[in-house]
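Chemist: here is my input, please return the structure:
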Amino acid sequence: MSELLKTVVKTLENLKLTDIIIYDFRQFSPLFDYVVLATGSNERQVSASVHHLREQTAPYPISMKVEGAEEGRWILFDLGDILVNVMHKEERTYYGLEKLFIERPRIAVE
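Modeler: Here you go, the predicted structure:
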């Protein structure tokens, strides 16, 4: 697991986000290596991930792009090789992204 990925996971865990899953796309996508899913119990918790992920990933030579930060229901972070989806629990259940990634290998969260 890369240092950036470890930092992302640790940041999500420190925010008390739940159901963190890492999917390995290295053999399947030329655009990114990993997709991370995490669940927040409310909009404030989901929205807080923007500030905390920016702060914790600042030392890395990446250009973070963020989509959906205004609503606080589903935020997508593009960290180059890592895509992070932080979702409110209702959105996570409704959209069921895990079903799309069922054939992709998962990496254990350390």
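Chemist: tell me where this protein has helices.
Modeler: For the chain, helices defined by DSSP state H occupy the ranges 3-14, 43-57, 89-95, 97-100.
Chemist: will you turn those helices into CSV that also has mean neighbour count?
Modeler: For glycine as for every other residue, the C-beta is placed from the backbone atoms N, C-alpha and C. What follows is these, written out as CSV (neighbours: other C-beta atoms under 10 Å):
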stretch, mean neighbour count
helix 3-14, 17
helix 43-57, 16
helix 89-95, 14
helix 97-100, 12
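Chemist: Glu110: which of these is closest?
Modeler: The closest of those to Glu110 is helix 3-14. By C-beta to C-beta, the value is 7.2 Å.
Chemist: Serialize the helices of the chain to JSON lines and add fields for mean pLDDT and distance to Glu110.
Modeler: Below are the helices of the chain laid out as JSON lines (pLDDT from 0 to 100; distance: least, C-beta to C-beta, whole Å):
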{"stretch": "helix 3-14", "mean pLDDT": "96", "distance to Glu110": "7"}
{"stretch": "helix 43-57", "mean pLDDT": "93", "distance to Glu110": "16"}
{"stretch": "helix 89-95", "mean pLDDT": "94", "distance to Glu110": "22"}
{"stretch": "helix 97-100", "mean pLDDT": "91", "distance to Glu110": "20"}
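Chemist: is it possible to get JSON lines of these that adds distance to Phe28?
Modeler: Shown next, in JSON lines, are these (distance: least, C-beta to C-beta, whole Å):
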{"stretch": "helix 3-14", "distance to Phe28": "17"}
{"stretch": "helix 43-57", "distance to Phe28": "24"}
{"stretch": "helix 89-95", "distance to Phe28": "20"}
{"stretch": "helix 97-100", "distance to Phe28": "12"}
